[in-house]
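J.: need a structure here:
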Amino acid sequence: PFEFEFQDVNPCTGEVATVRFTGVERVHEFFNEAGDVHHFNVLSSATIETSDGFFGRETFVTVHNAEGLFGPREEEDRGMVIEIDNATLRNPDTGQRIRVHGASILVYVSEDENVVEKATFVVECLGPAA
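T.: Numbering: from 1, shown residues only. A predicted model of the protein is given here:
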């Protein structure tokens, strides 16, 4: 279980609001013959509430693959991380909706060198529901 909060600007109102997350994180790890983590998956599911009346759900997925196609090569410590974040919130009093979507693919070749193959992050107000 996890809980945290922070302040951010609401894209529908332009005002600063407190955003509170309450949820559960599930981790599934796979180990190789040496006992090291081969790859792992993380699934987070959360309820989101804001101090200005918005309420919704979030799903966040991380897939980390340190073997296979992106496994170590010679002196490199290669791997790949894919993250996807989706959330929707609604204010029942105003009908306004907020959409959050993020996605990234990160390929790393060492502890010091990361290559972001693709990254998007969108937070938008969709206005009142039709």
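J.: Show me what the worst-scoring helix or strand of the chain on mean pLDDT pairs with in its sheet, parallel or antiparallel.
T.: Least confident helix or strand, the chain: strand 114-128 with a mean of 84, by mean pLDDT, DSSP states H and E. Here strand 114-128 is paired, per DSSP bridges, with strand 96-108 (antiparallel).
J.: and the partner strand, which residues are buried?
T.: Neighbour-count burial for strand 96-108, counted by 16 or more other Cβ atoms under 10 Å, picks out 96, 97, 98, 100, 104, 106, 107, 108. (Glycine included, C-beta is placed from N, CA and C.)
J.: and the last one, what pLDDT?
T.: On pLDDT, residue 108 comes in at 67.
J.: and what of the first one?
T.: Reading off the per-residue confidence, residue 96 sits at a pLDDT of 95.
J.: Can you tell me which of the buried residues of strand 96-108 is nearest residue 31?
T.: residue 108 (19.9 Å; Cβ to Cβ).
J.: got a list of what residue 86 touches?
T.: Residue 86 makes contact with 58, 59, 60, 100, 101 under the criterion Cβ atoms under 8 Å, 6 or more residues apart in numbering.
J.: hmm, try it at 10 Å
T.: 57, 58, 59, 60, 61, 99, 100, 101, 102, 103 (Cβ atoms under 10 Å, 6 or more residues apart in numbering).
J.: Out of these, which is nearest to residue 8?
T.: residue 100 (10.6 Å).
J.: re the thing from before, with pLDDT as added columns, please give the contacts of residue 86 in CSV.
T.: Shown next, in CSV, are the contacts of residue 86 (pLDDT from 0 to 100):
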residue, pLDDT
57, 98
58, 97
59, 96
60, 94
61, 94
99, 96
100, 95
101, 96
102, 94
103, 93
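J.: okay if I get these as CSV plus distance to residue 30?
T.: Below are the contacts of residue 86 laid out as CSV (distance: Cβ to Cβ, whole Å):
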residue, distance to residue 30
57, 28
58, 25
59, 21
60, 20
61, 16
99, 33
100, 29
101, 28
102, 25
103, 23
